[in-house]
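> Just the structure for this:
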Amino acid sequence: MTQKGRKQKIRKAAAVLAAALVWIAIWQICAMLMARSYILPTPLETLRAMRDLIITPDFWTDAAVSLGRVTLGITASFLLGLAGAVLASRFAYIRMFLSGITSFFKATPVMSVIMFCLLFIVSGMVPVAVCFMMCFPVFYTNILQGFDSTPRELLEVTSLYTDDILPKYRYVMLPLSVDYIRASLSLGCGLAWKTVVAAEVLSSPRISMGYHLLLAKTYFEADQLFAWTIAIVVLSVLFTAAVRRLINWSVSNDSYL
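Next up, the predicted model:
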């Protein structure tokens, strides 16, 4: 990294730290003015609650189970979204069929999907099902848009060498759609955590982060509520960063399939 690049990185980190300190100061002032810790705890009280959480084995069990649900839901939605985009880019009737499904789930409130799933699915699998239904349209539409933006001339040139479909996607369409795939994964990871935790709150499986959010709200333990929320946000950020690194590694190693 060049000297200029290091300076820019340091400035960016300093700006982020300064912004964080400002918001923490605002949080502290608001908590002091309200003087009701069961509604708005101070940053220090929240930090203590987080410390008490992370030293317990149950916290890591709940976090691991919620992470597993997110991973399962987003993996299924991505793979089926990719498969759907491949089929829709080749067959018009499949595009028409899937466009109706994706439009429906884009317009449907998450709470409605959760309530519907609660009627037919056991509580532990409701978050996975909801995650799949909410993330599938994101992956499908973004990847299909990437395929549609592929210049037809390149496909025609590929057809001169082979009539097989796989090489067209492997060497032309997928590499040119990497930016669309990366964008869909960045959006889908954040959405997956939101939908999984929301579904856990409503379906209330005992081993989950969402269940503890519900307990904290029920018993007015605001410090616990803030601590669990921060833990979920941190896990979501780390999960998204890991997925981005995986995509970058896949691109750099030419491992699309």
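> Pass me the low-pLDDT residue ranges in the stretch 101-250 of the chain, would you?
153-165, 167 (pLDDT under 70).
> any chance you could map the helices in it?
110-120, 126-148, 152-161, 165-168, 174-176, 178-203, 209-218, 222-252 (DSSP state H, counting those that start in this stretch).
> With distance to residue 61 and mean neighbour count as added columns, please give the ones you listed in TSV.
(Each C-beta comes from the backbone N, C-alpha and C, glycine too.) Listed next are the helices of the stretch 101-250 of the chain as TSV, based on distance: least, CB to CB, whole Å; neighbours: other CB atoms under 10 Å:
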stretch	distance to residue 61	mean neighbour count
helix 110-120	23	15
helix 126-148	16	24
helix 152-161	49	11
helix 165-168	42	13
helix 174-176	38	16
helix 178-203	14	21
helix 209-218	10	18
helix 222-252	13	16
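> now for those helices, which one comes closest to residue 27?
Ranking the helices of the stretch 101-250 of the chain by their distance to residue 27 (criterion: CB to CB) puts helix 222-252 first, at 9.4 Å.
> if we look at stretch 185-199, which residues are touching it?
66, 69-70, 73-74, 77-78, 110-111, 114, 117, 126-131, 134-135, 138-139, 142, 209-210, 213, 232, 235-236, 239-240, 243-244, 247 (CB atoms under 8 Å, 6 or more residues apart in numbering).
> quick revisit: same list (the helices of the stretch 101-250 of the chain) but as TSV, adding distance to residue 11.
Below are those laid out as TSV (distance: least, CB to CB, whole Å):
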stretch	distance to residue 11
helix 110-120	38
helix 126-148	32
helix 152-161	41
helix 165-168	44
helix 174-176	34
helix 178-203	24
helix 209-218	35
helix 222-252	21
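> right, and those - which one's nearest residue 89?
helix 126-148 (4.3 Å).
> to the chain's geometric centre, what's the distance from stretch 176-189?
The chain centroid and the centroid of stretch 176-189 are separated by 11 Å, computed with CA atoms, centre = their mean, to the nearest Å.
> Now do the domain split for this protein, please.
Listed domain ranges for the chain are 1-35, 40-252 (source: automatic domain parsing).
> what's the spacing between residue 15 and residue 21?
11 Å (CB to CB, to the nearest Å).
> should've said residue 180
37 Å.
> same thing with residue 60?
For residue 60, the distance to residue 21 - CB to CB - is 29 Å.
> how about stretch 65-80: buried residues?
Neighbour-count burial for stretch 65-80 flags 65, 66, 67, 69, 70, 71, 72, 73, 74, 76, 77, 78 (criterion: 16 or more other CB atoms under 10 Å).
> now what about it, what contacts it?
Here stretch 65-80 has contacts from 127-133, 135-136, 138-140, 184-185, 188-189, 192-193, 195-197, 200, 205, 207-210, 232, 235, 239, using CB under 8 Å, 6+ apart.
> I'd like to know how many residues surround the residue nearest to residue 95 when sequence neighbours are not counted.
Spatial nearest neighbour of residue 95, chain neighbours left out: residue 88 (4.0 Å); criterion: CB to CB, 6 or more residues apart in numbering. Close neighbours of residue 88, defined as other CB atoms under 10 Å, add up to 23.
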